[in-house]
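In: got a structure for you, letters missing:
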C-alpha cells in the first residue's frame, strides 16, 4: 500500500512544482503547496459571509479603515501575505487601480503572523497607495470567511454588498470588468 502511495505523492509534488507563481492560489493551511486558480474564478459562496459585511480595522499608518465609511464607492478587500508570490505580483496593479480610479478604494489585509514594524519595513520595498492592516489569522474579520488560500479578494459594491469573491490572483483589468458588469463605470 505504501509503495503505491509514494509514486503518487512524488508525481503530485512534481506537478505542483511545475505551476507558475502567477497561476496559483497559495493555500493558507499549507504554504508549501499550491493549487491551480485558473483565471481567478470566483470561490464558492459561504453561508457565514454576510450580504453587507462590516469591516473596521486599524491601519499601519495609524488610521482606521471602516468599510461603512466607503458606501458609494467600490471597495476591493484583498487578503494577502508577504510570503505569497501571487499576492506580491498583484500589489502594483491594485495600487494603480486605487490611485487611478476615484470610484475604487482598495484595502489590503495582511493575513499572517507579523508585527506592524516588520510589515512597514516590508512595504518600504513594495510600497502601495492603499491602506494596509494586519488581521489576526486565528480570528479574521467576522463578516468575511477565513481565507482557504491567498490571495483572496472581495469586490464590494457601492451599496455595501459583496459583488464577487475571488480566490487566486486578480488583475486591475478583471476588477474593472467586474465593476462594469455590475453596473459601475466602464474602464477608460
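Out: Sure thing, it's come through. Remember, predicted model here, so these are calculated numbers, not experimental data.

In: what's the first-to-last distance across stretch 106-123?
Out: End-to-end distance of stretch 106-123 (C-alpha to C-alpha, to the nearest Å): 16 Å.

In: Need the contact partners of it.
Out: Stretch 106-123 is contacted from outside by 28, 55, 57, 59-60, 65, 75-83, 91, 94-95, 97-98, 128, 130-135, 137, 140-141, 147, 150, 152, using C-beta atoms under 8 Å, 6 or more residues apart in numbering. No exception for glycine: its C-beta is placed from N, CA and C like everyone else's.

In: Now which of these would you call buried?
Out: When these are checked for burial by 16 or more other C-beta atoms under 10 Å, the buried set is 28, 55, 57, 59-60, 65, 75-81, 91, 94-95, 97-98, 128, 130-135, 140-141, 147, 150, 152.

In: Please list the members of those that lie in helices.
Out: Assigned to helices by DSSP state H, the following of the buried ones among the contacts of stretch 106-123 qualify: 91, 94, 95, 97, 98.

In: Now tabulate those residues in a markdown table and tack on distance to residue 122.
Out: As requested, these are exported to a markdown table (distance: C-beta to C-beta, whole Å):
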| residue | distance to residue 122 |
| --- | --- |
| 91 | 11 |
| 94 | 16 |
| 95 | 14 |
| 97 | 21 |
| 98 | 18 |
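
In: Which one of those is nearest to residue 182?
Out: Comparing those against residue 182 with C-beta to C-beta places residue 97 closest, at 15.4 Å.

In: Run a quick neighbour tally on the nearest residue to that closest one once chain neighbours are set aside.
Out: Spatial nearest neighbour of residue 97, chain neighbours left out: residue 172 (4.1 Å); criterion: C-beta to C-beta, 6 or more residues apart in numbering. Applying other C-beta atoms under 10 Å, we find 21 other residues in the vicinity of residue 172.

In: wait, isn't residue 172 in contact with residue 93?
Out: Yes: at 4.3 Å, residue 172 counts as touching residue 93 under the criterion of C-beta atoms under 8 Å.

In: Bridged to residue 153, which residues?
Out: Per DSSP bridges, the residues bridged to residue 153 are residue 78, residue 166.

In: can you put the ones in helices among the buried ones among the contacts of stretch 106-123 in a markdown table and add pLDDT and distance to residue 104?
Out: Below are those laid out as a markdown table (pLDDT from 0 to 100; distance: C-beta to C-beta, whole Å):
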| residue | pLDDT | distance to residue 104 |
| --- | --- | --- |
| 91 | 98 | 15 |
| 94 | 98 | 9 |
| 95 | 98 | 11 |
| 97 | 98 | 6 |
| 98 | 98 | 6 |
